[in-house]
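Colleague: What would the 3D arrangement of this be:
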Amino acid sequence: MKKLFIIVLVLPVATFIMWRFLVLMIPGDEHRYVKLDTSVSANSSWKGRAKRIGSLKHDAGVCAGGVCHMKPKSRRHKYHGLSIAGDQFFLNGKPFRILGGSFHYFRTQPHQWIDRLEKLKAAGLNTVTTCIPWNLHERVPGKYKFSGRWKLLIFIKLVRKMGLHMIVQPGPYVSAEWDLGGLPAWLLHDPNMKVRTSKYPPFLQHVERYFDQLLPLLTEHTYRNGGPIIGFQVEHEFGNYGPDDAYMEFLVGMLAKHKLKEMYFASMDAFSPEGLRRGFHADVLATVNVDDNSLQPLGRLKKLQPDKPLMVMEFSSGRFDTWGKNHSSTSGTEFYRTVDKLLSLNASINFHVFVGGTNFEFWNGALFGGTPTRQFIPTTTSYDYGALVSESGNCHPTKYKALRMLLTKHKLISTPLPHFPQNTLKGAYDSVPIKDVMRLDEFVKLSHVKQTWLSRPIFMEYLNISSHGGQAFGWILYRTSYDFGNKISIDGVIHNRAHIFLNGHLVKLIYNRLMTNISENILVDFKYMKDKGNVLEILVENMGRASNRMLDVQRRGFEGNVTVGGKLLSMWEHVSLDFSAEFIASVEKNARWMPYSEQRYPSFYRGQFNVRHLHDTFLDMRRWTKGIAVVNGYNVGRYWNVGPQQTLYVPKPLLKKARNEIIIFELEKPGDKLEFLAEAELNDVTLPST
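Modeller: From the prediction side, this is the model:
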């Protein structure tokens, strides 16, 4: 009887506990919960953050065990979304001023999302704007990935938990100084590809297939369905690229097809009246982009839409950097004055960017422009932007305070703002000696890299790999052999920077800034020659694709002819060095590692260090020349001693207690150790000669 009593009493309790455990721990059920960041700041515990998130008045949920359960808005309540009456926005029938900040979720490690969102909300803003890079979520044709590291839906749910609204730019083109403006490089596998146009049906078919995967995911998170999304931006500054009314109609039609009924916006570069008119669509609210220098675009917008609200979709709070150019910065005084004027005009405003970030891996874009001739100008790994919240999570010492003051001055804050947020903890670690080295040619001998033999060199995008999508990123190595001759002629197109080696000796470095055909004659010193079996290698770096213009021709690598003594060389080996996760893993496990010695040939260098206390840090690359750094298997980005960026941001979530490993792929002259700093160095320029 006693045993029966115990069973009756204990079994239901045990069953309930087990049920709760399964609810919390079963992975993949992203529609029911959002995992909270457990290590976003050294200044506060995850429990404290969960408590703050859970106590939000708007859309509060139940937090337990590091998991925040969504508390959906009642379906019985009708949500009317964003609307317009005269020159005023209304949200759910109440007057509403959009006070937004751009936050690119793909430029900040997910464990840090909450920290950045808290700082955006603490500044007094009510809306997060973000774009969705197509090439991030469909890296291989037909293979869609919205999970993994960059969980789009988790980000959207965190925005909602914070009590913030969203305006989303789904693409297909997003610009954002991102590789090819967010368009996937595999589009360029088609030699006839034309993007951002209605005049090339295969492009529209690719867009439609992608949108059929993406847009249904967004539908359930719109404001009318209880989510945070109050609007969608259609394309980006299309007036500078068009006109093509049919293309804009196609994109608007895709949003309508998937029942995205929130307001549609168009972001216009209105520094020319023609650009504003070319990008206009009757079903889309026109907005303009403004920087510190001029408010003329608002006047032009008012003439185009006299009875509509004024909105600045991109107010440039700073500027991105490019390699070899001076670090960009804007003053807090100019920021205050311009934002004060904008708010006085009753304009809604989105600060671009509010949260700075990092172009991890090879995601940096480039500009194609400049004077007196158009040049290829790649952007740096750091996308700090001089933003109100920096790449590493610091609040700008003047702009952040100025914004809070202005929103209070213009009576746009209904409740007192929280205390000024603390910056995340940062520090330097001990120096890391380089212990091992592996030359690139040794690695290729043993590695399972993708290799293709062709009669002549072709661009990486044309390779029949990755589901016939070609190679997107990294380096491509072209290799052939011949018997004798020291007069090498190269005629063709090199995009972007090539090292020419003969028998492992560097004989020429070519940086094709003008993106035009080149003709190079190389006279090789006989001391580098063999009597027969000379190996010629052309290693070409893809330094990022332009994100602003000439998008159809942004293929990378080498395409052309090479002759020695007038004889055409044929049968070229194409070696794909894409530095994917699989590629990096093969580097780590390779058996060709040797004790460190300085190499003057592209090589991998390795060092290890131990960590007791985790915090953000910066890798100082001033002892090195050009390449990338991989921390615990993750590519944290490019470095180049020309500046202005001299450090690489290493976020705390990429580190681990105990042993950590760094692998450097150095193209030219290496250092013998690695140093860490507690602060970034983004303003040290040495102009490049090649």
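
Colleague: so where is this structure shaky, pLDDT-wise?
Modeller: Along the chain, segments meeting pLDDT under 70 span 1-78, 270-272, 292-293, 370-373, 687-690.

Colleague: Do a quick rundown of the helices in this protein.
Modeller: Along the chain, the segments classed as helices by DSSP state H run 2-25, 46-54, 113-122, 134-137, 152-161, 201-219, 245-257, 273-278, 296-304, 332-344, 399-409, 440-446, 581-588.

Colleague: Just send these back as TSV, with mean neighbour count too.
Modeller: Where C-beta positions appear, they are placed from N, C-alpha and C, glycine not excepted. Output for the helices of the chain, formatted as TSV (neighbours: other Cβ atoms under 10 Å):
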stretch	mean neighbour count
helix 2-25	10
helix 46-54	16
helix 113-122	23
helix 134-137	23
helix 152-161	23
helix 201-219	17
helix 245-257	17
helix 273-278	17
helix 296-304	17
helix 332-344	17
helix 399-409	19
helix 440-446	17
helix 581-588	15
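
Colleague: would you turn these into JSON lines with distance to R97?
Modeller: Below are the helices of the chain laid out as JSON lines (distance: least, Cβ to Cβ, whole Å):
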{"stretch": "helix 2-25", "distance to R97": "39"}
{"stretch": "helix 46-54", "distance to R97": "25"}
{"stretch": "helix 113-122", "distance to R97": "16"}
{"stretch": "helix 134-137", "distance to R97": "31"}
{"stretch": "helix 152-161", "distance to R97": "18"}
{"stretch": "helix 201-219", "distance to R97": "24"}
{"stretch": "helix 245-257", "distance to R97": "24"}
{"stretch": "helix 273-278", "distance to R97": "23"}
{"stretch": "helix 296-304", "distance to R97": "15"}
{"stretch": "helix 332-344", "distance to R97": "9"}
{"stretch": "helix 399-409", "distance to R97": "10"}
{"stretch": "helix 440-446", "distance to R97": "55"}
{"stretch": "helix 581-588", "distance to R97": "44"}
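
Colleague: To H615, which of these lies closest?
Modeller: Nearest to H615 among the helices of the chain is helix 113-122 (13.0 Å), distances taken as Cβ to Cβ.

Colleague: where do the strands sit along the stretch 251-400 of the chain?
Modeller: For the stretch 251-400 of the chain, applying DSSP state E, counting those that start in this stretch gives strands covering 263-268, 285-290, 311-316, 348-355, 357-358, 366-369, 375-378, 382-383.

Colleague: and among these, the most buried is which?
Modeller: Most buried of those by mean neighbour count (mean count of other Cβ atoms under 10 Å) is strand 382-383; its value is a mean of 28.

Colleague: and that one, what other elements does it pack with?
Modeller: In this structure, strand 382-383 makes packing contacts with strand 357-358, judged by 3 or more Cβ pairs under 8 Å, 6 or more residues apart in numbering; DSSP states H and E.

Colleague: Listing partners with orientation, what would you give for the strand it packs on?
Modeller: In the sheet, strand 357-358 lines up against strand 382-383 (antiparallel) (DSSP bridges).

Colleague: returning to that earlier point: want to try JSON lines for the strands of the stretch 251-400 of the chain, with distance to R606 as columns?
Modeller: Formatted as JSON lines, the strands of the stretch 251-400 of the chain follow (distance: least, Cβ to Cβ, whole Å):
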{"stretch": "strand 263-268", "distance to R606": "44"}
{"stretch": "strand 285-290", "distance to R606": "44"}
{"stretch": "strand 311-316", "distance to R606": "40"}
{"stretch": "strand 348-355", "distance to R606": "33"}
{"stretch": "strand 357-358", "distance to R606": "22"}
{"stretch": "strand 366-369", "distance to R606": "30"}
{"stretch": "strand 375-378", "distance to R606": "27"}
{"stretch": "strand 382-383", "distance to R606": "24"}
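
Colleague: Those strands: which one's closest to K445?
Modeller: Comparing the strands of the stretch 251-400 of the chain by Cβ to Cβ, strand 375-378 comes nearest, at 30.8 Å.

Colleague: which strands and helices sit next to that closest one?
Modeller: Helices and strands touching strand 375-378, by 3+ Cβ pairs under 8 Å, 6+ apart, are strand 366-369.

Colleague: In terms of secondary structure, what does the strand it packs on contact?
Modeller: By 3+ Cβ pairs under 8 Å, 6+ apart, strand 366-369 packs against strand 375-378.

Colleague: For the strand it packs on, which outside residues touch it?
Modeller: By Cβ atoms under 8 Å, 6 or more residues apart in numbering, the residues outside strand 375-378 that reach it are 322-323, 325, 364-370, 495-496, 512-515, 543-544, 546.

Colleague: Restricting to C-alpha, output it in PDB.
Modeller: Output of strand 375-378 as PDB, limited to C-alpha atoms (Å, rounded to 0.1, in the frame of the first residue of the first chain):
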ATOM      1  CA  GLN A 375      38.700  52.000 -60.000                       C
ATOM      2  CA  PHE A 376      38.100  48.900 -57.900                       C
ATOM      3  CA  ILE A 377      38.100  49.900 -54.200                       C
ATOM      4  CA  PRO A 378      37.600  47.000 -51.800                       C
END
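
Colleague: returning to that earlier point: and L310, which of the helices of the chain is closest to it?
Modeller: For the helices of the chain, proximity to L310 was assessed by Cβ to Cβ; helix 296-304 is nearest, at 5.9 Å.

Colleague: and the closest one, how far from the chain's centre?
Modeller: How far helix 296-304 lies from its chain's middle: 31 Å, per Cα atoms, centre = their mean, to the nearest Å.
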